[in-house]
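Undergrad: let's see this in three dimensions:
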Amino acid sequence: MADMVVLELKVFWKRGIILAEIMAAAPRIRALRDTLLRARGEEARLVGLKLAQLLGKALERKRIQEGAVFTDALGPLAREFRVKEMKADNLVLSAEFVVDRNRKTEFDNRVRELEATAAGRLTVACKESTADEAAE
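TA: The predicted structure is shown next:
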């Protein structure tokens, strides 16, 4: 394993920006939000529940799409990788990549390119983890 490194990648989204993107792309969600702003009482509760349900589904679809951009681009640079459990609402991807030490710079450069492409919508953190951390 001395010739390899384990790189832990975490990608976070800026929730306000992502929600605005979803609103712009989903007229039904936007209409429900507008209805909720005017609704009162039981109607507000029901509309709010429906809006939360649709937003949750839209966020999960977006999380999968955004995460796949990273795994599709970085996976070929790694010997192997695994996606970890998502423990935060603003976490798009948490993954560990086992990379040949001589490809680490290439991997790091690709991470920076992906972050630049995200244009402020996402924040990316990548660090080398120890064998003990990787086992968790």
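
Undergrad: can you tell me, leaving aside adjacent residues, what's nearest to residue 124?
TA: With sequence-adjacent residues excluded and distances taken as Cβ to Cβ, 6 or more residues apart in numbering, residue 124 is closest to residue 115, at 4.2 Å. Yep, even glycine has a C-beta here, placed from its N, CA and C like the rest.

Undergrad: give the next helix or strand downstream of the host helix or strand of residue 93.
TA: Secondary structure assigned from DSSP states H and E places residue 93 in strand 91-100. Per DSSP H and E, the first helix or strand lying C-terminal to strand 91-100 is helix 104-117.

Undergrad: and that next one, what's buried?
TA: Residues of helix 104-117 classed as buried under the neighbour-count rule (16 or more other Cβ atoms under 10 Å) are 104, 107, 110, 111, 114, 115.

Undergrad: tell me the angle of that helix relative to strand 91-100?
TA: Relative orientation of helix 104-117 and strand 91-100, computed by axes from the mean of the first three to the mean of the last three Cα atoms, to 10 degrees: 160 degrees.

Undergrad: run through the neighbouring helices and strands of helix 104-117.
TA: The helices and strands touching helix 104-117, judged by 3 or more Cβ pairs under 8 Å, 6 or more residues apart in numbering; DSSP states H and E, are strand 4-13, helix 41-74, strand 122-129.

Undergrad: what pLDDT does the residue at the greatest distance from the centre of the chain get?
TA: Within the chain, residue 41 marks the point farthest from the mean C-alpha position, 34.8 Å out by Cα atoms, centre = their mean. Reading off the confidence values, residue 41 has pLDDT 95.
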